[in-house]
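Novice: whatever this is, show me its structure:
(2 chains)
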Amino acid sequence: MTDTTAPLAIDADTLPAIKPRRPFLLEFLLHFCTFGIYTCFWCVTATNDLKRAFNKDFKPWAWFLVPIVFIAQLIMLPRLLNAIDEAEQSHNLRSWSEWKERSWLLFACGSGLFFAVSRRVEIHIGWVLLVLVIWSVCFALLNARMDVLRDEAVNPKRRYYAGYAWWHWPLVVVGVPFVLYIGYSMVISPYLAKVAPLATNTVISDEKHAIELTVVEADWHKVEIGTFSDGSGLFEIAGPLDFQYFIAFEHDDDYTLSDLTQWRIGQNYDDFTVKECSENRIFSPGSLNVEAFVVCKGTSMGDPTIATHHFIRVDNQIFELYGYMSAAKLTYKDQEAGFLRQAQGLVRYEK
Amino acid sequence: MKNKLIFFMVTRMATRLSGLVALMALCSNGQAAALSNTALTAKAKEWMAASESYSAESLTKVYTDVSHTIYQDKIVTQVTKAWFYPTKALVQESGYETLNFNQYSEVVSDINAFSIAPDGRITWVKDDNIKEIEDDSYNIFTDGKRKVISFPGLQDKGISVLSFTLTHDRTKGIEDWSHTHFPQQFSPVNYYRLSVSSADGSYFNHNIYNDVLTCNRDAHTLLCEGNQLPALVTKDNVNWLDQIGQIVVTTTPDWNGMISRVNRGFNQALNSQSKVAETLQGLITKDMSTQQKISAIHEFAARDIRYVSMSDNGHAIVPHTVDETIYNRYGDCKDKTVVLVAMLNAIGLKAYPVLVSTDRASLAPVALPGMNYFDHAVACFELNGEQFCLDATDAYSDWYYLSDWIQGHVSLPLTPDAQPALLPQSEFRWQVTQSTDIRYTTGGGQTEQTTVIFKDEYASSMRGNLASKNSEEQNKWLTSVYEDVVASGVEPVFDISGIDSISEPVTVKSTTEFAPYFDVAEEFVLTEYDAWVRYELGLMKLSEAPYGYAFPGLQIGSTYNLYLPTGWKVQSAPAKLKLNTRFGELTRAVRLVKSNQLEVTTSLTMPQKALADTDIDEFNNVLDVFVQESSINFKGVVK
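Specialist: Below you'll find the predicted structure:
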């Protein structure tokens, strides 16, 4: 793509409207509370404005994809900066210094790379939120630079209401608390709920000493009851991933194994997109008690997801180790075998 | 059908046991026989005086005294025994005695019998009260007769007394004398005495397999005594002859001597076999394999020679000649066996007769040589290093497996230096394969098509049940089986094959329409019972087995193809199973062929096993779990 300079329009009323000035914080919030989706729209708007007000030769619709496709960012974001530079120079405005532009590119593209990787490899939500902040700051800064430039344009400005278009407000009003809640529930709360790290081969049991579970994988934590369950769990443990946990339950002895397995399978169909479920039954070691192991696999929000249910019988009571994991594809592949190993570890408590 | 066979065998065993008990009486004698009638009646009055100490509910054997005196040329057995009858019902049921004896070599004499009433009145047995009849028991090596003595004047709370002398002529017959005594009975025994003495230095030996009598032996005499012997309690799943206390007395020094004497009779029968070649010409062709020839010979002996026992005139142990049996086209087990031996030898196999005890499956009590253990004969041979035994009295079993009713039983090959051994047992005596297609209808009903294949011993059993029935009777019988196994209230249509040929499995195909029976909702849960797995496991459950149980081995394979209507979907498939125990395993594979089609393949494998009494509870628990887990549960959704 080649940007060329076109003759400036003279009749302001006939010119297309461009985006009005917006405070840095409001701009930041839009990027942040929409998890960066707004950035796609911002790129379209920015290039559109450069085209309309400063005769830069952009195809704005194509810029929608730039925040999503990392490779495109490497090529297009420098071009965007160049176009802004040229526009600034033509209006005798002061541009960013070279190191400042390079730093901006480094942070913006670095964030883009991070997001691209996080689609394949599970990264803690805390890091994702942190990088989202960087990304949002980058584009809020660039928007501030664009605002200075837009002030030079003769084009009329769109009508905003206290800094936002009418449809931005519900996004921000709903989105900001939502992101804060996500941040709290997935970063702060689990951190606070982590009772103790669990070394491998640690044995966890319930209070009544009916069942026990040996931790076979690394980086697991015991968490407070209710962190993942409705509070009815006997114990809960969290894995190193955000959506990776086990909960032990005790079931009413009125239910048969088949009742429980079918109920859980039905529940999984409600919870995520199940592709297949299977159930295996064997005898618990050294006894004639039949135990059942149910595995349901599918996807949740596009990520591979697995739910496991290991039912064992102890003195006519059925206990369950409920497991759930949803992660980015590569991380899921890496974690699945260990998760399944852990999922089958529930046994009768041995004194 | 298996139940009926087991019932038959148990009944038969009980009959045999009572026969042996009678034989025990027959072959026993006591000092009382030497007593004068006056002394005997005086004794009886003493027993009557003590009648309040006897059971008020069951028969009591008040007195038993058996004495064998062994001479070079004869054995004299004197018996005295007395029974107390506490109720009228027991007088009605049991107010008689039976004396079994071999009419060829034994004589009963000095019969003194009477009943004594509670008031001391004595009524003597006269000749009119004794009836002599032929013993026509199936599969017994005796030329037997029995005297049935009905006690006149017998009343409730009365006592019957019998004494007699039985003289066995050792110069007649080809076998040595031996006898097994069973001191304990299904009634309490007040006093029991057994004495054996050698009058002229004649050889005898004994084996004590009991813990209720005290025995002493010196060079010429054996004396065993016991008081207040408790009654045996009737229980299911007990091979009583393997379990109850017994004392064997024999005049046979070693097995080899007995084998050679018995073999003399079999060889005598085999000497006349001019019809064998001619008969074989009609049965086999040169291009047949050895297995095909064996099959043809077995089928001829089993199905073309009917079972008729003619054991008189010296044929208690000596079979009729091969030619006679082929000519007659009938014979008993030993007659058929020599025909088999002759024909199998004629095609190059080294066949030999084998004696079988149909009521004994334990070698422990069979410690001393004796013909009296055995009541059946089969022909055995080796082929490619494997032993096969053919029972020509079984018209429904193929040659390559042994008739189920004698598998694992005590046997004695009539070959030099042979010892008693157990006949081989199939690893799985009951084998069934089931394939079922179920097509559910949108209204909640189903159409079921099932093919059940019964193999080997199970095929024999089914053949035995179906062969003699006409089509209508077969359908009626199969419907009752279907009701037991699958469901009642429906009208299955059957197609049967494999009944006429013993070399094929028996195949029963059925088609059944089920009217709507479940509510078609958005979601539904269905349970199919794995019919034959569930049924057979139910049959195998043991109510009791105080002496352990010889589990016969069970192998069932089933495949269920479940088709839901178009637009329906399986949401939750049945569980896969891998349930391993030391008694066997239940495994199941499940395949979702399409979103609305399931294939469920189940395998139940429980090999034959001798279960100790301490295993029974666990064994039953395993069966319970297998029954429970064999159900095929699945959840479907209607789109």
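
Novice: what is the rounded mean pLDDT of the helix or strand containing B:N207?
Specialist: Taking DSSP states H and E as the criterion, B:N207 maps to strand B:205-209. For strand B:205-209, the mean pLDDT works out to 91.

Novice: same question for stretch A:323-331.
Specialist: Mean pLDDT, stretch A:323-331: 94.

Novice: how far does it sit from the chain's center?
Specialist: Relative to the chain's own centre, stretch A:323-331 is displaced by 13 Å; criterion: C-alpha atoms, centre = their mean, to the nearest Å.

Novice: re the thing from before, tell me the strands beside the strand holding B:N207, with direction?
Specialist: If you go by DSSP bridges, strand B:205-209 pairs up with strand B:246-250 (antiparallel).

Novice: tell me the first helix or strand C-terminal of the strand it pairs with.
Specialist: Using DSSP H and E, the helix or strand that follows strand B:246-250 in sequence is helix B:255-270.

Novice: which elements pack onto that following helix?
Specialist: Judged by 3 or more C-beta pairs under 8 Å, 6 or more residues apart in numbering or on different chains; DSSP states H and E, the packing partners of helix B:255-270 are helix B:333-346, strand B:352-356. For the C-beta atoms, the positions are set from N, CA and C on the backbone; glycine is no exception.

Novice: out of the ones you listed, which gets nearest to chain A?
Specialist: strand B:352-356 (37.6 Å; C-beta to the nearest C-beta).

Novice: where do the helices sit along chain A?
Specialist: Ranges of helices in chain A, per DSSP state H, are A:24-33, A:37-54, A:70-90, A:98-118, A:125-152, A:168-183, A:189-193, A:257-271, A:329-343.

Novice: wait, which of those helices is closest to B:D65?
Specialist: Judged by C-beta to C-beta, the one of the helices of chain A that comes nearest to B:D65 is helix A:257-271, at 64.0 Å.

Novice: got a list of contacts for that closest one?
Specialist: A:251, A:255, A:274, A:277, A:279, A:281, A:290, A:292, A:294, A:296, A:298, A:300, A:307, A:309, A:311, A:313, A:318, A:320, A:322, B:523, B:525, B:571-572, B:575, B:631, B:633, B:635 (C-beta atoms under 8 Å, 6 or more residues apart in numbering or on different chains).

Novice: show me the contacts for A:D242.
Specialist: A:122, A:124-125, A:186, A:190.

Novice: just those residues that are near chain B?
Specialist: The subset of the contacts of A:D242 within reach of chain B, by C-beta under 8 Å from any C-beta of the partner chain, is empty.

Novice: elements contacting the strand or helix carrying B:K569?
Specialist: Using DSSP H and E, B:K569 sits in strand B:568-572. With contacts taken as 3+ C-beta pairs under 8 Å, 6+ apart, strand B:568-572 sits against helix A:257-271, strand A:273-283, strand B:632-638.

Novice: which neighbours in the sheet does the last one have, and how are they oriented?
Specialist: Strand pairing for strand B:632-638, using DSSP bridges, gives strand B:523-528 (antiparallel), strand B:568-572 (antiparallel).

Novice: distance between the helix or strand harbouring B:M48 and the chain's centre?
Specialist: Per DSSP H and E: B:M48 is located in helix B:37-49. Centroid separation for helix B:37-49 versus its chain: 41 Å, with C-alpha atoms, centre = their mean.

Novice: next helix or strand past that helix?
Specialist: Next helix or strand after helix B:37-49 toward the C-terminus (DSSP H and E): strand B:60-70.

Novice: before we move on, the earlier item: export the strands paired with strand B:632-638 as CSV, with columns for mean pLDDT and mean neighbour count.
Specialist: Below are these laid out as CSV (pLDDT from 0 to 100; neighbours: other C-beta atoms under 10 Å in any protein chain shown):
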stretch, mean pLDDT, mean neighbour count
strand B:523-528, 91, 16
strand B:568-572, 93, 20
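
Novice: closest one to B:Y104 among the ones you listed?
Specialist: The closest of these to B:Y104 is strand B:523-528. By C-beta to C-beta, the value is 61.9 Å.

Novice: what does the closest one contact?
Specialist: By C-beta under 8 Å, 6+ apart, the list of residues contacting strand B:523-528 from outside reads A:262, A:266, B:438, B:440, B:518, B:560, B:562, B:571, B:631-638.

Novice: ok, back up a step: got the CA positions of the strand holding B:N207 in CSV?
Specialist: The C-alpha coordinates for strand B:205-209 follow below in CSV (Å, rounded to 0.1, in the frame of the first residue of the first chain):
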residue,chain,number,x,y,z
ASN,B,205,-8.3,-103.9,53.7
HIS,B,206,-10.2,-100.9,54.9
ASN,B,207,-10.1,-97.1,54.6
ILE,B,208,-11.7,-94.9,57.2
TYR,B,209,-13.0,-91.6,55.7
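
Novice: residue of the stretch 101-250 of chain A nearest chain B, please.
Specialist: Taking C-beta to the nearest C-beta, the stretch 101-250 of chain A has A:F249 as its residue nearest chain B, at 18.9 Å.

Novice: on that earlier part again, now render the helices and strands packed on helix B:255-270 as CSV, adding distance to chain A, mean pLDDT and mean neighbour count.
Specialist: Shown next, in CSV, are these (distance: least, C-beta to the nearest C-beta, whole Å; pLDDT from 0 to 100; neighbours: other C-beta atoms under 10 Å in any protein chain shown):
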stretch, distance to chain A, mean pLDDT, mean neighbour count
helix B:333-346, 44, 95, 28
strand B:352-356, 38, 96, 25
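
Novice: out of the ones you listed, which comes closest to A:I182?
Specialist: Nearest of these to A:I182, taken as C-beta to C-beta: strand B:352-356 at 82.3 Å.

Novice: buried set for the helix or strand that comes right after the closest one?
Specialist: Per DSSP H and E, the first helix or strand lying C-terminal to strand B:352-356 is strand B:376-383. For strand B:376-383, burial by neighbour count (16 or more other C-beta atoms under 10 Å in any protein chain shown) applies to B:376-381.

Novice: returning to that earlier point: please could you give me each C-alpha atom of the helix holding B:M48, formatted as CSV?
Specialist: Extracted C-alpha coordinates of helix B:37-49, given in CSV (Å, rounded to 0.1, in the frame of the first residue of the first chain):
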residue,chain,number,x,y,z
ASN,B,37,-35.6,-114.5,68.2
THR,B,38,-36.2,-114.2,71.9
ALA,B,39,-33.1,-112.3,72.5
LEU,B,40,-33.9,-110.0,69.5
THR,B,41,-37.4,-109.2,70.8
ALA,B,42,-36.0,-108.6,74.3
LYS,B,43,-33.5,-106.1,72.7
ALA,B,44,-36.4,-104.5,70.9
LYS,B,45,-38.3,-104.0,74.1
GLU,B,46,-35.2,-102.4,75.6
TRP,B,47,-35.1,-100.0,72.6
MET,B,48,-38.8,-99.3,73.0
ALA,B,49,-38.4,-98.5,76.7
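
Novice: since that was my last question, I'll sign off now.
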